[in-house]
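Undergrad: Build me a model from this:
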Amino acid sequence: MVLAEQHPASVLTDNSVLTVTPAAVSIIRDLLQQRAIPDHALRVFVTGGGCSGMQYGMAFQEQAEAGDTVVSSGGVRLLVDPASMMYLQGATIDYADSLIGGGFRIDNPNALSSCGCGHSFKSSDQQGAADSQGCGTCGSY
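TA: Here you go, the predicted structure:
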């Protein structure tokens, strides 16, 4: 594929691992244009933390790194590192425009539970962890 020519040989291009809705594609494309970085990709990642144990993150990045999965949708690229892919496999990234709390939303089939704000979740490998106490941004207590 064309993307494989632009990145190290160890980068996997796979559009079936992550779904990006047209609304999210439109916002990503607009952000890339506004920031004058049309050739960048959106890195989607998972880190420890958040009120439910794991949290989602996003950042723009120019190129994929070795081991990344590259997802192309509607003319935008998303990058996911191998560790995050374990948690994001099969997820859908959407964008909801709302007067109260609009923004990117991730519908993640791998999450056992999610915080009310949608920015953190508990995975199956955290099943024995203590229940979350909620967060100040979502009102889940």
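
Undergrad: what ranges do the helices span in this structure?
TA: Along the chain, counting by DSSP state H, helices occupy 2-6, 22-34, 82-88.

Undergrad: Mean neighbour count, those helices: which tops it?
TA: Mean neighbours per residue, mean count of other CB atoms under 10 Å, is largest over the helices of the chain for helix 82-88, with a mean of 18. To be clear about C-beta, it is placed using only N, CA and C from the backbone, and glycine gets the same treatment.

Undergrad: Contacts for that one next, please.
TA: For helix 82-88, the external contacting residues (CB atoms under 8 Å, 6 or more residues apart in numbering) are 17-18, 44-46, 54, 67-69, 80, 106, 108, 110, 123.

Undergrad: returning to what we had before: among the helices of the chain, which is nearest F60?
TA: Closest to F60 of the helices of the chain is helix 22-34 (CB to CB; 7.3 Å).

Undergrad: What is that closest one packed up against?
TA: Judged by 3 or more CB pairs under 8 Å, 6 or more residues apart in numbering; DSSP states H and E, the packing partners of helix 22-34 are strand 76-80, strand 91-96.
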